[in-house]
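Participant: Curious how this folds, go ahead:
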Amino acid sequence: MSKKVFAIVSILCIVILLMVTLVPFKQEPSSTTRVVVDHFNHKYAFPSCYDYEEASNYIDEVTLKDAQDLKYPPINKCTTEKAKPQYKSLLKRVLESTEI
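Facilitator: Numbers count the residues shown, from 1 in each chain. From the prediction side, this is the model:
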C-alpha cells in the first residue's frame, strides 16, 4: 500500500510542477499602474511609451484605472500592447516579481 501512496503523491507533485512551470495564466495590468495622461489630446500612455516631443503642456500622472474612468484611449500602439493582458506561467511571474 505504501508504494501506491508514494506513486500517487509523486504523480500529483509532477502535475503541480508542470502546471507551475508550463501553464500560462492571464495577468492583467494592475489598476494602480501609473500612466501619463494628456488632457489636451484626451489620451493616456505608459511612461515608457509616451512621446514627450509631441506632448502638450496639459499632462498629468494618474493610475491606469483613473485614465480608463476618464474614457481616454491609448495614445499609441506601444501603450495598447502594454495594456493588454499577458499570459505567463506562475514560475515566470514569481521570478519577475523577485527580479532574479
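Participant: Now do the contacts for the most centrally placed residue in the chain.
Facilitator: Centroid-nearest residue in the chain: residue 29, 3.6 Å away (criterion: C-alpha atoms, centre = their mean). Residues near residue 29 by C-beta atoms under 8 Å, 6 or more residues apart in numbering: 64, 82, 83, 85. (Each C-beta comes from the backbone N, C-alpha and C, glycine too.)
Participant: and it, what element?
Facilitator: Assigned by DSSP states H and E, residue 29 belongs to no helix or strand.
Participant: and the gap between it and residue 17?
Facilitator: 28 Å (C-beta to C-beta, to the nearest Å).
Participant: quick revisit: what pLDDT does the model give the residue nearest to the centre of the chain?
Facilitator: With respect to pLDDT, residue 29 has a value of 88.
Participant: would you list every one of the strands in the chain?
Facilitator: Taking DSSP state E as the test, the strands found in the chain are 24-27, 34-38, 43-45, 59-63, 86-89.
Participant: With mean neighbour count as added columns, please give those strands in CSV.
Facilitator: Shown next, in CSV, are the strands of the chain (neighbours: other C-beta atoms under 10 Å):
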stretch, mean neighbour count
strand 24-27, 12
strand 34-38, 20
strand 43-45, 23
strand 59-63, 14
strand 86-89, 14
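Participant: Let me have those in a markdown table, adding distance to residue 76 as columns.
Facilitator: A markdown table is the format used below for these (distance: least, C-beta to C-beta, whole Å):
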| stretch | distance to residue 76 |
| --- | --- |
| strand 24-27 | 22 |
| strand 34-38 | 11 |
| strand 43-45 | 6 |
| strand 59-63 | 15 |
| strand 86-89 | 18 |
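Participant: closest to residue 12 out of those strands?
Facilitator: strand 86-89 (18.5 Å; C-beta to C-beta).
Participant: Which other helices and strands does that closest one contact?
Facilitator: The elements that strand 86-89 packs onto, with contact taken as 3 or more C-beta pairs under 8 Å, 6 or more residues apart in numbering; DSSP states H and E, are helix 2-22, strand 24-27.
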